[in-house]
Structure formats: C-alpha cells, structure tokens
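*Asks:* My questions concern the predicted model and sequence given below.
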Amino acid sequence: MEIRIVKKEEIDTIHFSGQFWKIHDLEQFTEKANELIENENKAVLIDMRRLSYISSQGLGVIIRAFLKMNEKKKRLVLYKPHGNVREMIEISGLHKLMEICDSDEQLETFKTHP
Amino acid sequence: MGNIDKKQGSENGRDLDKTAEELFEELNCLKEAAYNRGLELHQTKMALEKATSEIDYELDLARQVQTGLLPGELPELINVKTASVYIPAGKVGGDLFDVIVTPKQKIAVLIFDVSGHGVSAALIAAMAKMLFARFIEKYDSPASIFTEVNRHLCEFLKTDHYLTAFLGIIDLISNTMTYSRAGHVSPVVYSASKKSVKKLHGRGYFIGHSALKDVVEYKDESVQLLSGDKVLFYTDGLTEGSNRKNELYSIERLVRAVKKNGKKPVEELIDSILEDQIKFREGQPLRDDFTLLSIEVGNPEKLLSESGFKADDRPEILMARTYGDIDLLCSRILRGMDENGFTDRDIKSTKICFFEMLINAIEHGNLFNPAKHVLVLYKITIEKAVISVIDEGNGFDYDNLPHPLHEQNLLKDHGRGVFITRQYMDKVNFNSKGNRIMVTKYSSRGTGDGN
C-alpha cells in the first residue's frame, strides 16, 4: 500500500492508497506516524479516500498512533473513510472515540482551527 | 636410406662427401621437423585437454542446473509422504520427476524419461519439465496435459527424440488417483491392507515424437487408493539394470521386492529396492539413469474430522503458509461465491472475515513459521458458504476473549479479529482445541434480505 505524507503548516496529512493489512505496511505507517507525532504540528489528518480495505490490525496501529497524539494534546482525524473501512470502524465502536471528518466543510473548519 | 644406396652406386668419391653433407642437412631438417611436430603435438594435446576440461566444467554446471530442476526437498504435504532416489548414468541425464501441488490442492506426481542420454536428452528434459509444469497448473486431466505437452514439444523437437511419461493426480479427500501412462514403465501399487502389489496399466503413445504428432491419443484411468497404500514410480534404468549373465532386473523382481518391503516407511522402502537392484547387478554398471520415487497416501478422515466437514461434503482444499498466500486463496473463495450468486455485500463481508481468520492463523496459530501450514477447507453452494481454517498451533481460549466494545478495550490496539468475524458471519464455531475456526455465511439472495 502507498503511504504519502504531505506537510503543510500546522497539519500533516497521511494519504493512504490501497489495502492496509500487510506487516510491512503496518510497520511503515507506524514509523512515519511516530515521526509526525514528534513534529511541530497541531494535528494529523489521515486521508482514507483511496483506502479500500483495512484489517483489524490496521485499525490497531492507527489507534496506537491516536493514543500517542492524545498524549501530546494533538488531534488525529480520519478523513472520509468509506465502504468496508467505514464499517470496520463502526463495528469496532471506534467512530465514537476517534474523530471522523466526512465533509469538505468540516475539513475547512478543521484546517483553520486545528 | 634407399637414396644413399643409389648415390653410392653411380658416383665417385667426391660425390660421397657431398652426400655426407646432404645427409647431415637432411638429418638436421628431420630433427627440426621432428621437433616442430613434437611441439605441435604437445600444443594439440594441451588444446585438447583444455577443451575437455571446459566440457567437463560445462557438464558439471549443467548437472547443477539439472539438479535444480529435481524437487529438492519434496514438499511436506499433509497426508502424503514421499521419498526418492535419482542416480544419473552420466553427468546429466534424460530422466526427471516432480511432485507438485496443483491449484486445486491435488498432488500431481510426474515422472518421465527422454530417449537417449547425455546433453541432448537433458536439454529436452528441461524443456519438457517446463511444459508439464505449465499445463499441470492449468488442467485437471492427465490425458489433456499430455496432449498439450505433446503438441508443444512436437513443434520444436526436430530430432528423433521422444519421451515416455506417467502422470498421476491424487485427490487428498477421496484418495483416488487419476492417471495417464504415455508408454512409460508401469508404476506399482502396494496395498497396505491386503499386502499385495499390482501394476498400473493404461495405454498411451510416447510424447514429443514428430512422426506420431497426428495419431497420438492419451487416456485417463483411475485407481482408488486406501490410507497407507504406497505407489512406486520409476524409469527403465531400474528394471533394465542387468547382471553378468545379461539378465534384466525386470518388473517381476521389482514386484517381489515391493511385496517384501512394502510395509516399511517410504524412505526405507526406496532404500530396500535400490539395495536389491544393486545386489542383483553384481557390480555391473548402470547403463541408464536410475530414478525411483515412492509416495504413501494418508487418511482423509483425519484431515476431515479436524476441519469440521464430512467426506460426503466434498470440500475443496487450499493451503497457506505466509501472508503472501492470503490474496490468492481469498480470490478463489470469493470467485466461488460470485459463481454461486452471492451478493457483493456478502462477498465483501466474507473477504473481511477471511483475511482476519488467515491473519490470526498465520500470526497467532503458526507464529509466522513458514514451515507450518494453514489449511483451508471450504464448500460453497447457492445456499451458503462454509469455510474452515485450521492452523498448526496449540489453540487459544476463544470463550474468554476480551470484548472489544467494553470501555477498557475500545482503544486496545489488538483483539478485534474474532469479534469482527462474529459480526459478519452467520455462524462461527471453534473446535475444542481452538486451532480451527469454521464459519458459515448464508446467501442473502433468495431470502429477500437486501442488506
């Protein structure tokens, strides 16, 4: 799976593309996320528009990143998870705990008030 | 010498002196010529030795390549044991064999023998091996596979070479072997229960001979094997081994030796046959490659009972060892569901659960050990998809899994796989040990359930 990072002012964005379950991808994400957590940012956005599948382990590493961000008083937001990915998040109850951004207006608000 | 006599006869003393000079010169010329010839001979000898050692080196390399084409360690397959011995007559030979797991998880046993010896036979054997592998991947019927291999070989074999072959494909659940015999020496079957030996017949032409191109016909036969039965495959290097009286070892002696040693485990059985043939030959050398391969079939009941299926269910089998296998296995199952009219929704849900089950089996069951297998047995009908995943681990306490939706577990970074599977699948159950999970998904079609 492809993971692309875009850094812009106070918000870093991680763009997912493809399926997120292979060990190598989980490790790569964890490494990059750890870097971003140490950065001078206020929030990290995970762009899930092109994410077609996530395993329960994939959710696990995102949760770990979320907890670390929380410790540093930063926000981790999931942007437009859809289909199976959305379902997985809801079935696991995570939509109640993690921030999900579904619309472009919400995104704008988020960007101006991270 | 004759010239000197002539000169002496016709001349006076002055000519004799000249003759001595001439003689010296001639002698010197001869010496020089001899020296030069000697030098040439030496150089030619060096060149020849160099060429021979180059050929030897090339043959050694060729032998290494050919060894690579033989199955290295025969796959440790669940339920089928294998053992083999291969002794080429020269550095390279025209015999090859293989044991391949087909895409439908049947066991294909192939043995073939290219006419002639040496480099040309070895080259053809390598080409044939590639062709066989390609069509075994594609077809279920040994006769069809032979037909295709023959067609392709005839296209580029311009010599008088041909090969004999035997291909048996064993179904692990029913223990039936479907086979075709293309002029090859008859394999023998040892019945564990009756302690008797029988030969496998079956008619079929040679493969690859361009003269036979348009008349060849191959037939599929089948034989029912029982748990513990052994099959021996070999080439004529075994049966045509001869002793000092020029008697051949022959299939009759082989049958006797198998009957005597058939109850031994396959490695010992092979060794006993080899010993018997060596003893028979009384020191006479092998004239042809010696190839001998034996398999022993296991008990499908054991395989089935662990899976939760019954023999009548006729489940299909898949095997995985690493994460790299998951995509392929999943696509087989999803395709089966598609062909049976399951909705996209059903298929996507099943994909999610299948991934979770395999990930768990490989990671928690087999601890990522690639030598261990995850066995997947499944049966898909219009009504339902039933999938069973078995790992080689010690199981786990599936009744006492922490509930992922409980507050203290919500943000745990693991423990959701089984929970998710239970949300999507209609039935989920484990064997008592905990190393096998079986799930059922009923088709939404026909139930009016649009979700």
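*Replies:* All right, it came through fine. Residues are numbered from 1 along each chain as shown, chains lettered A, B, ... in the order given.
*Asks:* what about the helices in the chain?
*Replies:* Looking at chain A here, since you left the chain open. Assigned by DSSP state H, chain A shows helices spanning A:23-38, A:56-71, A:83-91, A:104-112.
*Asks:* my bad, the chain I had in mind was chain B
*Replies:* B:2-10, B:13-69, B:118-138, B:142-156, B:236-239, B:250-261, B:266-281, B:300-307, B:326-339, B:344-360, B:407-410, B:417-424.
*Asks:* Output the helices of chain A as JSON lines; include the columns mean pLDDT, distance to chain B and mean neighbour count.
*Replies:* Heads up, the C-betas are built off the backbone N, CA and C, glycines and all. Putting those into JSON lines (pLDDT from 0 to 100; distance: least, Cβ to the nearest Cβ, whole Å; neighbours: other Cβ atoms under 10 Å in any protein chain shown) gives the following:
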{"stretch": "helix A:23-38", "mean pLDDT": "91", "distance to chain B": "6", "mean neighbour count": "15"}
{"stretch": "helix A:56-71", "mean pLDDT": "90", "distance to chain B": "4", "mean neighbour count": "19"}
{"stretch": "helix A:83-91", "mean pLDDT": "90", "distance to chain B": "5", "mean neighbour count": "18"}
{"stretch": "helix A:104-112", "mean pLDDT": "78", "distance to chain B": "22", "mean neighbour count": "12"}
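*Asks:* Tell me how far the residue nearest the centre of chain A lies from residue A:29.
*Replies:* Centrality entry for chain A: nearest residue to the mean C-alpha point is residue A:46, 3.0 Å, by Cα atoms, centre = their mean. Using Cβ to Cβ, to the nearest Å, residue A:46 is found at 9 Å from residue A:29.
*Asks:* list residues touching both of the two?
*Replies:* A:14, A:62 (Cβ atoms under 8 Å, 6 or more residues apart in numbering or on different chains).
*Asks:* what's the burial count for the residue in the stretch 101-250 of chain B that chain A sits nearest to?
*Replies:* Residue nearest to chain A within the stretch 101-250 of chain B (Cβ to the nearest Cβ): residue B:103, separated by 22.8 Å. Using other Cβ atoms under 10 Å in any protein chain shown, residue B:103 has 13 neighbouring residues.
*Asks:* For the nearest residue to it once chain neighbours are set aside, grab the count of nearby residues.
*Replies:* Leaving aside its chain neighbours, residue B:103 sits nearest to residue B:137 (6.3 Å; criterion: Cβ to Cβ, 6 or more residues apart in numbering or on different chains). Residue B:137: 12 surrounding residues under other Cβ under 10 Å.
*Asks:* Check which residues of the strand ranked longest in chain A are buried.
*Replies:* In chain A, assigned by DSSP state E, the strand with the most residues is strand A:43-54. Residues A:43-48, A:51, A:53-54 are the ones in strand A:43-54 that count as buried (16 or more other Cβ atoms under 10 Å in any protein chain shown).
*Asks:* same question, stretch B:50-59
*Replies:* residue B:59.
*Asks:* taking the mean pLDDT, what do you get for it?
*Replies:* Taken as a whole, stretch B:50-59 has a mean pLDDT of 86.
*Asks:* Need the residues that contact that stretch.
*Replies:* B:90-92, B:119.
*Asks:* which of these tops the neighbour count?
*Replies:* Going by other Cβ under 10 Å, residue B:92 tops the contacts of stretch B:50-59 with 26 neighbours.
*Asks:* so what's that residue closest to, chain neighbours aside?
*Replies:* residue B:122 (3.9 Å).
*Asks:* Per-residue confidence, that neighbour, what does it come out as?
*Replies:* For residue B:122, pLDDT reads 87.
*Asks:* Check residue B:11 too.
*Replies:* So residue B:11 comes in at 52 (pLDDT).
*Asks:* residue contacts, the spatially most central residue of chain B?
*Replies:* The centroid of chain B falls nearest to residue B:98 when counting by Cα atoms, centre = their mean (1.5 Å). Contacts of residue B:98 were listed using Cβ under 8 Å, 6+ apart, and they are B:70-71, B:108-110, B:129, B:132-133.
*Asks:* mind showing which ranges of chain B have poor pLDDT?
*Replies:* Applying pLDDT under 70 to chain B flags residues B:1-18, B:71-78, B:407-408, B:410-415, B:446-451.
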